[in-house]
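> Let me see the structure of the following:
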Amino acid sequence: MQFSRLLLIVAILLAPVALLGTTWLYLYPFFDQNCSFPAPPDAHIAPFRLLALGDPQLEGDSSLPKPGAPIFPSFNLAIEEVSNAVRAGNYTQAWETLRDQVKDEGLAQKSALEGVKWVWGKRKWIDLWGNDWYLGHIVRTLRWWTEPSHVAVLGDLLGSQWIKNEEFERRQRRYWDVVFKGMEKVPEYIMTGVETAQTPENANETEASKEGDNAEQDQNENDTQENEENSERRWGGTREVLGEDPRWMNRVINIAGNHDIGYAGDIDESRVARFERAFGQVNWDIVFTHPLNNTNTTSTASTDPQVVPELRLVVLNSMNLDTPVWTPSLQADSYDFLNHIVSTSRPVTSKTHTTLLLTHIPFHKEPGTCVDSPLFTYFEGGSGVKEQNMLSDYASRVVLEGIFGLNSNPSAEGKGFGRHGIVLNGHDHAGCDVLHWIEQPGATPACPHDVPLAQIAIPQFPAALDIEALAASSNDTTPPPPSSNHTTDGIPLEAPSDPSQDPPTENHDKDNSPEEEPPKNDQDSKQEDPIFQSLRYPPRTPYTTSSQTNQCVPLASVPRMREITLRSMMGDYAGYAGFLSAWYDTSASSSSEDGEGEGEGEWRFAFNTCGLGTQHWWWAVHIIDLICVVFGIVGGVLSLVVPVQENKVVEGKKKEIVQNGVKARDSGDNKKKASA
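Residues are numbered from 1 along each chain as shown. The predicted model follows:
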C-alpha cells in the first residue's frame, strides 16, 4: 500500500470523530441546558446576567525549569573537568577523566534523570500554554453563546501570591491577552467614584497626555499620587441604569483571592497595589437602577413602582476580615467599606433593593456541609492567619448581619429578616450551594405536630455540635469573639481589636454589657445567643433541625440567605461556570415574613451552572483535529506528487524499451546485410 494512501485512509477514518468532537467542543453550551441564563417567566431575557467564573489560578515560572539552566548539569560538570585538563596541556589526565566519567554508571543515571526532568519541564510549559487556551476557550464560548451583561472572576486569578513582580506582570499579560482576550478591567472612575478619574469623555485627553515629554508625565503622576494620598478613601457608589452601558459586556469584575494578595497574615500594601493596578480595586460597589420601561420587567401592572428598584453589586475583600492580620490598615479599609455599604443601603424592609455580594472566602459552615470544613492555621509568632477554608463565625456574622441585616432579634428592623440579596464566592474548588439561617428565640414557630420525619432535613454533622466549646478548645477554629462595640443591631463598627491598637473606651465599659448579666445554664445561653447555621441548597424539605436546640424549625419562618460557592473553572474541576440571572418582578407581592413590605414587587434571582469537562477533552479534540488535517494534507500532496514521478519513470522505461528495440532491429538488419 502506498504511504499516501495510508495517510488518507487514517484521515478519512478520523474525520467523523474530529467533526463530532469539534462540534461538541465549540458548541457545548447547546448540548447542556444548564449552560444558559435562567429566564424570567414573562420575559425573554433577564436584564442582569452575570457570567461567574471561579479560581482560574494561572501558574507560571514556579512550576517551570529556570530559564538558561543546563539540560545535563552532571554531564556538563564532567565536560568542564576535561576541558580544564586540555587547556592545561595535560592530555593524559583529560583522557583518564573522560574514560572514568564514561565508565561511571552513576553519571549515566544522573544524566538520564536530568534528561527526563528537562523533558518534563517542556511538557509542563506546553501544559501551561494549553491551560491558558483551555480557560480562554471557556470564556469565549460562553460569552458568545449566552451573551452575559456582566462577567466576574471570584478570586484566585493567579496561582501564587508569593511571585515576584516580573512574574506577576507575565501572568497578568497572559490573563488579559489569552484567557480574557478583548476584555478589560472595570474603569477606575466606576470603582472609586472619583469624578476626576478617567472617564469616557476625557479618555482621548488622557491618551494625548501620554504622548507628552517624560518629565511632564512623571510630574503629573507624582502630583496625582500625592492628591490620592491626601484625599479621603472613596469607594464606588456609582449609579447606572441597568443595561444602558453595553461596555459592561467587555469588562471583567475581578475579586481578590488568597493566591492574588494572600491571607490576612501576609497581605501587605505592595501586593494589594499591584493587584489593583492590574485587575481593579479590592473593595468597591456600584448601584444599577432597573430600566422599568422595557420588557425585562415581569409585570402585568400598568404603573411603575413609586421607588425605582436597585441592584447593588458589592465587591468585598474578605481576605483580611479575620485576625490576626499583618497589615491592620488594610483590614481597617475592609471594615470601613462594610460600614459604607451598611450606611448607604436602603432600609431592610425595602424589597425594591437587592444586594449581590461578590467575594472570595465562603462563610462559616458546620463540618460536613460542603467539601471543605472549617480550618484556620497561623504563622509562627502570632503574625497572622496563614490559611483558612472559611471565614470565622464572627466575620460571617458581621457580613450577614451588617450588609444583609439578618438578625436573631425579632425586634430588629424588618423583624430581623434582613434585606433581599445573594452571595457568590469561590475558594472551595469543589463548589457548594448553601442556605444560611438563624433562629429567633421566642419568635420562630415550631413545626406542625403531624410533620412526617421524612420531611425534616436532618443535618449530616452532629446535632449536638457545641461551637463555643469547639472554639475554646482549639486556636485553629475561629478567632476570639468580639467585644460589644463591634456590632450594633447587626452593623459592623470596626475591625476586630488588634493588640497593636488602642481599643475604644466603649470596649472597656462593661456596665451595660449583656455579659454582666447573671450566669445561666448552657441551654439558656445557647437559646439567647443563636448562631448562623447552614444546609445545602435547595433544601430537600421545608423543615430542618437546629444544631443548637435539636428542635424542628420551619425554614420559611427564619431569617435566611443563599450563598453560592462556585466550582472552579480549572481543568481538574471540569471547567465550571455559573450563570446568575436577576430581574424585578412587579407582579410579586413584597410582603414577606417581616410583614413590612411596600407592595411594589421584589427582585428575583435564578442560577445555573455547567462544566465543559476536564482539560484532557480539549487536548484530545485538538490533537485529533491536527492529525486529521496534517495526514489529509500530506496524503493529498503525496497522492498528487507520487503518480507524476511514477509516470515519469514509466515514460522513461518505455522510451528505453523503444530505444532498445530500435537498436535491436538495426542490429538485426545490419546482420542480414552482412550475411547477404
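> and stretch 382-392, how far apart are its ends?
Using Cα to Cα, to the nearest Å, one end of stretch 382-392 lies 17 Å from the other.
> Could you pull up the mean pLDDT of that stretch?
On average, the pLDDT along stretch 382-392 is 91.
> With stretch 404-416 instead?
92.
> For it, buried residues please.
For stretch 404-416, a neighbour-count test (16 or more other Cβ atoms under 10 Å) marks Phe404, Gly405, Leu406, Asn407, Ser408, Asn409, Pro410, Ala412, Glu413, Gly414, Lys415, Gly416 as buried. In this view, the C-beta of every residue, glycine as well, is placed from N, C-alpha and C.
> Pull out the CA atoms of that stretch and give them to me as PDB.
Once non-C-alpha atoms are left out, stretch 404-416 reads as follows in PDB (Å, rounded to 0.1, in the frame of the first residue of the first chain):
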ATOM      1  CA  PHE A 404     -27.900  41.900  54.700                       C
ATOM      2  CA  GLY A 405     -29.400  42.800  58.100                       C
ATOM      3  CA  LEU A 406     -30.200  39.300  59.200                       C
ATOM      4  CA  ASN A 407     -30.800  39.200  62.900                       C
ATOM      5  CA  SER A 408     -31.900  36.700  65.600                       C
ATOM      6  CA  ASN A 409     -33.700  39.500  67.300                       C
ATOM      7  CA  PRO A 410     -37.300  39.700  66.100                       C
ATOM      8  CA  SER A 411     -37.500  43.300  67.400                       C
ATOM      9  CA  ALA A 412     -34.800  44.400  64.900                       C
ATOM     10  CA  GLU A 413     -35.700  46.400  61.800                       C
ATOM     11  CA  GLY A 414     -37.800  44.300  59.400                       C
ATOM     12  CA  LYS A 415     -38.300  41.700  62.200                       C
ATOM     13  CA  GLY A 416     -34.700  40.500  61.600                       C
END
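> which residues are in contact with that stretch?
347-349, 355, 357, 400-401, 417-419, 421, 436, 438-443, 489-490, 529-530, 532, 559-561, 593-596 (Cβ atoms under 8 Å, 6 or more residues apart in numbering).
> from those, which ones fall inside helices?
Leu400, Glu401 (DSSP state H).
> Could you pick out the buried ones from the contacts of stretch 404-416?
Neighbour-count burial (16+ other Cβ under 10 Å) applied to those gives 348-349, 355, 357, 400-401, 417-419, 421, 436, 438-441, 490, 530, 532, 559-561, 594, 596.
> Helix, strand or coil: sort out Glu244 for me.
coil (DSSP: H, G, I helix; E, B strand; the rest coil).
> Oh, that last question was meant for Phe605, not what I typed.
strand.
> what about it, neighbour count?
Applying other Cβ atoms under 10 Å, we find 20 residues neighbouring Phe605.
> Likewise for Lys117?
Lys117 has 14 nearby residues by other Cβ under 10 Å.
> same deal with Asp260?
27.
> Going along the chain from the strand or helix carrying it, find the next helix or strand for me.
Assigned by DSSP states H and E, Asp260 falls within helix 258-261. Under the assignment DSSP H and E, the closest C-terminal helix or strand after helix 258-261 is helix 269-279.
> Packing partners of the helix holding Asp260?
Helix 258-261 sits against helix 269-279, with contacts defined as 3 or more Cβ pairs under 8 Å, 6 or more residues apart in numbering; DSSP states H and E.
> Show the average pLDDT along the helix it packs on.
Mean predicted confidence for helix 269-279 is 96.
> Show me which helix or strand of this structure is least confident by mean pLDDT.
helix 467-473 (a mean of 32; mean pLDDT, DSSP states H and E).
> for the helix or strand where Ile286 lies, which positions count as buried?
Element membership for Ile286, per DSSP H and E: strand 284-289. Within strand 284-289, the residues scored as buried using 16+ other Cβ under 10 Å are Trp284, Asp285, Ile286, Val287, Phe288.
> now stretch 369-383
Here stretch 369-383 shows Thr369, Cys370, Asp372, Pro374, Phe376, Tyr378, Phe379 as buried, counting by 16+ other Cβ under 10 Å.
> Mind picking the two most distant members of those?
Within those, two members stand farthest from each other by Cβ to Cβ: Thr369 and Phe379, at 27.6 Å.
> Would you map the helices across the stretch 551-676 of the chain?
Here the stretch 551-676 of the chain has its helices, by DSSP state H, counting those that start in this stretch, at 615-675.
> May I see the domains of the chain written out as residue ranges?
As given by automatic domain parsing, the domain ranges for the chain are 1-31+616-676, 47-63+131-194+235-496+530-613, 73-129.
> mind checking which of those is nearest Ala39?
For those, the distance to Ala39 is smallest for domain 47-63+131-194+235-496+530-613, at 7.0 Å, taking Cβ to Cβ.
> Endpoint to endpoint, the closest one covers what distance?
In domain 47-63+131-194+235-496+530-613, first residue to last residue: 29 Å (Cα to Cα).
> Over to stretch 412-430?
36 Å.
> out of the buried residues of strand 284-289, who's nearest Tyr394?
Asp285 (22.7 Å).
> If I look at that closest one, what pLDDT would I see?
At Asp285, the pLDDT value in this model is 96.
> just for the stretch 251-400 of the chain, where's the confidence low?
292-305 (pLDDT under 70).
> and with 80 instead?
292-306, 381-383 (pLDDT under 80).
> ditto for the chain
1-2, 42-44, 61-122, 193-236, 292-306, 381-383, 442-528, 548-549, 587-600, 641-676.
> follow-up on the earlier one: could you pick out which of the contacts of stretch 404-416 are located in strands?
The strands, defined by DSSP state E, take in Thr355, Leu357, Gly421, His436, Arg560, Met561 from those.
> residue ranges of the strands in the stretch 301-450 of the chain, please?
310-315, 353-358, 376-378, 385-388, 420-425, 432-437 (DSSP state E, counting those that start in this stretch).
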